[in-house]
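Novice: Next comes the sequence, and after it the predicted model I'd like to discuss.
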Amino acid sequence: MMDTLTKADIVTEIQNKMGYSKEKCVDVVEKLMEIIKKTLETGEDVLISGFGKFCVKDKKERRGRNPATGEDMILPKRRVITFKCSGILRNKVNH
């Protein structure tokens, strides 16, 4: 069992299952990642049926604390990306 699936592992899996050249597989994976990144950068969510949904959430400015010094500070507003897996994926992971 693998601990972490890497981009290189995905390329190899596609190459083995589809029979395409490694260069073509790398290009496909890179293009897919670019599409996902550009979509999230614009604030749009990414839904992949049967897998899950990447959502962009706006976080408001808030009070925080520097853990090193204990000093109070204001954390600026920011965007975060969350992931919610589909019910199909959840069921597969749990069985």
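Specialist: That came through, no problem.

Novice: ranges for the helices of the protein?
Specialist: Counting by DSSP state H, the chain has helices at residues 7-18, 22-41, 87-93.

Novice: if I read this right, Lys60 contacts Arg78, doesn't it?
Specialist: No. With contacts counted by CB atoms under 8 Å, Lys60 stays clear of Arg78, the gap being 9.1 Å. Backbone N, C-alpha and C define where each C-beta goes, glycine included.

Novice: and the two? which has more neighbours close in?
Specialist: Arg78 (11 against 8; other CB atoms under 10 Å).

Novice: For that one, name its beta-bridge partners.
Specialist: Lys59 (DSSP bridges).

Novice: before we move on, what about the one 4 residues further on?
Specialist: In this structure, Thr82 has beta-bridge partners Cys55, where bridges are defined by DSSP bridges.

Novice: Tyr20 is in contact with Thr12, isn't it?
Specialist: No. Between Tyr20 and Thr12 there is no contact under CB under 8 Å: 11.3 Å.

Novice: Can you give me the domain assignment for this protein?
Specialist: The chain breaks down into these domains under automatic domain parsing: 7-42, 45-95.

Novice: And the average pLDDT for the longest one is what?
Specialist: So that's domain 45-95. Domain 45-95 carries an average pLDDT of 95.
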